[in-house]
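Peer 1: Generate coordinates for the sequence data below:
(2 chains)
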Amino acid sequence: MTARARHAQGGAWRSPAPGLGRWVDRHISWFFILPAGLFLAAVVVFPVLYTGVLSFYRWSGSATAAATWVGLSNYADVFAIDPGFRNALWVTAYFTGVSVLIEVILGVGLAQMLNREFIGKGLARTLLILPIAGTPVAFALIWRNMYNPSYGIFLWFAELLHLPPQRWIADVVTVIPSLILFDVWQWTPLIMLITLAGLVSLPSDLYEAAQIDGASPWQVFWRITLPLVRPTIVAAAMLRLMDSLKTFDQIYVTTQGGPGIASQTLNLYVFDQAFQYLNFGYASALLVVLFFVILAGNLLLVTMRRGQA
Amino acid sequence: MRGIRRSTFLGLGLASMMLAAGTNPAAANDINWRQAQGTEIRLLTLRAWFADHWRANLPEFEKLTGIKVVIEDYPEDPFRQKLAVEMAGKSKSVDVFTTGTMREGRQFANLGWYADLTPFINDATLTARSWDKDDFIASVWQAHQFQGRQVAVPIQSNVQLLYYRKDLFDAAGLAPPRTLEELEAAAKRLHNPPAVYGFVSRGRRTQAPYSWSHWLFANGGSWITPDGKPGINSPAAIAATEQYVRLLRSYSDPGITDNGPAEVQTQFLQGRAAMILDAVSWAGLFNDPARSRVAGKWAGALAPPGAAGATYELWAWSLAVSPFSDKQKAAWLFVQWATSKEMQRPLHMRSFPMPRTSLWTDAEWKGAVEPGYYQAAMTQVQAARPIGHPPFVASPEITDIVGIAINNALAGRDIKTELDAAARRMAEVLERTEPKR
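Peer 2: Reported below is the predicted structural model:
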């Protein structure tokens, strides 16, 4: 701005090279975003590119032997022979699909409930938000103990309801539903919060008109509220979807991917390959694949949103 | 464990008197402890009782050497992740780190992630005579040698021994089991769920191999056959796994496929396990009346032998020096101090067994612990071998492959199918990772 202002005043300041000065003037806006751009390049672009490059190598972090170029062989292994990858892909889809769906339905319902006046509303909202406020690892440890089939609190609940004792996270069949329950408990409030923000900002004249026309509450919700708040819900769902596809600490602390590999999501599998087995090249290839899985999930949601609009 | 507590105070009292008299043996003056003063070193460690102990005593070290130590501790998984990233990047900022050589020793040695400590140990200007290398129990010391190099110094020596409920055994007129078959019979006899489970053990995928390996070796199996093929699906290994799985599926708690050390410990502390075969270091906790319902009600015994005789598996955490560090001299002075007899003694008195003969034969400790426990622990630690994990470069990956198979078998899948599949994957990994001989 200052340079431009001086220029306009008839050249109180003369650049040693007028061509350069003009060039700087014309592109001055780029200089303002340069720091942010460099920062992004360092912490985002470089690691992503580096992961991409590493995925064509076999490397264990050796100080004595160089990484070996293996071309596309890591990717070939991922898709052709690795049963661990196929299992992880299925576990990720199952866990994410079901938990995000339940969270959206419950979250929207709760938001609708909290969008009206009642006694104890503030308290209810605070209590509902608690699960997002805590540390996931601490909660995971608590849930792990609650699920213990011989001394956990869920054992007592099952007895109370005259249900046969369940093995929860210790059983191949019930482990994912148990983890989904935990995830729903923890993350439904996030969807609720975002949806609530959307609901509060809706124009009231449409509702008044509906009231005058004699619409039932169900019709109001279905025909007015939901279409208006849909973009907000889709945004919330997208946020949850991305996070859920990458879930790590919750599952790692409660089951470490077990029993067997029954709850080993893609992210857990990448962790094992990278930091337990030190197969950095192969883990990078898996990460690239995970990136495209997340991208595909989001594109799907975005398309849905456009289709609705 | 009131006796131990009193004696710990006595020991601390003696130590402080010695300090006052200026005869602290750690400060033995045959080396110049201040030769690296003014340096700052960084220690990356697992968050554990040993890290707490070092941190508490750090002012003493800094006073002795003029070296500042930054201790950075993390839970096990973040710790491993951090260490792997630093080492793969040849980072100069880590000087000392904790490592489990039974698990990753071959892998790290092969990657060049350990500095060779032999030159430091043999240098009379760097290593005090009172540190006394020969005091380390030979079996434990040697488990830290790879390719002719001393890669780390042990900071514990753990074996799995049998803890059994003496009160329950007496009431049933049973003697402690002397074979794995007797163990199964005793488990059957005492199994009374949900009040008491006959035998509780680690079954979680990442933990099962360590416990299971006792059955493997006691039944004559091994990780690998003499001609270099995976040994985990040999007839002996299958028989061993059948015994282990049958025992746990019949006489353990319902959470067996998810049990890790914390669960095994909790079940025994709460009096819900008649027997466990686990870490020798848990004795202090089990005898603490504030946290244990079985204080004074249990005894220790040898890990029972199987068809192929007696075998004891060793586990230890250790301290290593980074080969990328510019401050290896200061790092070594810290390792030497942290593994000195004086630093290890208070931990040993709390029944965190240390790798030094002089502490194991310490009359005060011997007099304070349960006699059966002492006998078993003493016998086992001297004959223990680092076989709880497979002896390969890719040990962590192969441990996991085997862990998945055992865990699936514990969940009810066919044992032979699981072990055959694991052997195939293990062969692939060996082909990819073992140095060609």
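
Peer 1: Next, the contact list for the residue of the stretch 1-150 of chain B found nearest chain A, please.
Peer 2: The minimum distance from the stretch 1-150 of chain B to chain A, using Cβ to the nearest Cβ, falls at B:Ala88 (2.9 Å). The C-beta positions use only the backbone N, C-alpha and C, and glycine is treated the same way. By Cβ atoms under 8 Å, 6 or more residues apart in numbering or on different chains, the contact list for B:Ala88 reads A:Ser60, A:Gly61, A:Leu278, A:Phe280.

Peer 1: is it true that A:Ile102 touches A:Val184?
Peer 2: Yes - with contact defined as Cβ atoms under 8 Å, A:Ile102 reaches A:Val184; the gap is 5.1 Å.

Peer 1: more neighbours, these two?
Peer 2: Neighbours were counted for A:Ile102 and for A:Val184 using other Cβ atoms under 10 Å in any protein chain shown; A:Val184 has more, 20 against 17.

Peer 1: Could I get the contacting residues of the more buried one?
Peer 2: A:Ser99, A:Ile102, A:Glu103, A:Leu106.

Peer 1: Please repeat the previous calculation with a cut-off of 6 Å.
Peer 2: Contact partners of A:Val184, counting by Cβ atoms under 6 Å, 6 or more residues apart in numbering or on different chains, are A:Ser99, A:Ile102, A:Glu103.

Peer 1: re the thing from before, quick check: the residue of the stretch 1-150 of chain B closest to chain A vs B:Asp123, distance?
Peer 2: Per Cβ to Cβ, to the nearest Å, B:Ala88 is found 30 Å from B:Asp123.

Peer 1: so who does the closest residue to B:Ala36 other than its chain neighbours touch?
Peer 2: Spatial nearest neighbour of B:Ala36, excluding adjacent residues (Cβ to Cβ, 6 or more residues apart in numbering or on different chains): B:Ala330 at 3.9 Å. B:Ala330 is in contact with B:Ala36, B:Thr39, B:Ile41, B:Ile67, counting by Cβ under 6 Å, 6+ apart.

Peer 1: Find the pair from these with maximum spatial separation.
Peer 2: B:Ala36 and B:Ile41 (8.7 Å; Cβ to Cβ).

Peer 1: Looking only at neighbour counts, state which of these two leads.
Peer 2: With neighbours defined as other Cβ under 10 Å, B:Ala36 and B:Ile41 compare such that B:Ile41 has more, 25 against 20.

Peer 1: Give the helix, strand or coil label for that one.
Peer 2: Under DSSP: H, G, I helix; E, B strand; the rest coil, the three-state class of B:Ile41 is strand.

Peer 1: beta partners for it?
Peer 2: The partner list for B:Ile41 in beta bridges (DSSP bridges) reads B:Val69.

Peer 1: mind checking how far it is from B:Ser322?
Peer 2: Look at B:Ile41 and B:Ser322: by Cβ to Cβ, they are 10 Å apart.

Peer 1: just B:Thr127 next, same as before
Peer 2: Look at B:Thr127 and B:Ser322: by Cβ to Cβ, they are 19 Å apart.

Peer 1: Looking at the two now, which is surrounded by more residues?
Peer 2: B:Ser322 (26 against 20).

Peer 1: quick one, domains of chain B?
Peer 2: B:2-156+B:316-353, B:158-313+B:386-433 (automatic domain parsing).

Peer 1: where does the chain dip in pLDDT?
Peer 2: No chain specified, so I'll use chain A. A:1-16, A:307-309 (pLDDT under 70).

Peer 1: try again with chain B
Peer 2: Those would be B:1-29, B:436-437, if you go by pLDDT under 70 across chain B.

Peer 1: what does it put close to chain A?
Peer 2: B:80-81, B:84, B:88, B:90, B:111-112, B:204-206, B:253-255, B:257-258, B:396-397, B:404, B:407-408, B:411 (Cβ under 6 Å from any Cβ of the partner chain).

Peer 1: so what strands line up beside the host helix or strand of B:Leu277?
Peer 2: If you go by DSSP states H and E, B:Leu277 is part of strand B:273-279. Strand pairing for strand B:273-279, using DSSP bridges, gives strand B:158-165 (antiparallel), strand B:197-200 (parallel).

Peer 1: Save these as JSON lines, and put in mean neighbour count and distance to A:Pro35 too.
Peer 2: Below are the strands paired with strand B:273-279 laid out as JSON lines (neighbours: other Cβ atoms under 10 Å in any protein chain shown; distance: least, Cβ to Cβ, whole Å):
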{"stretch": "strand B:158-165", "mean neighbour count": "26", "distance to A:Pro35": "52"}
{"stretch": "strand B:197-200", "mean neighbour count": "26", "distance to A:Pro35": "58"}
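
Peer 1: in the stretch 301-437 of chain B, what residue is nearest chain A?
Peer 2: For the stretch 301-437 of chain B, Cβ to the nearest Cβ, closest residue to chain A: B:Glu397, 3.9 Å.

Peer 1: Name the SS class of that residue, please.
Peer 2: Here B:Glu397 is recorded as helix under three-state DSSP.

Peer 1: Neighbours of it, how many?
Peer 2: Neighbours of B:Glu397 under the rule other Cβ under 10 Å: 24.

Peer 1: Cool, thanks, talk later.
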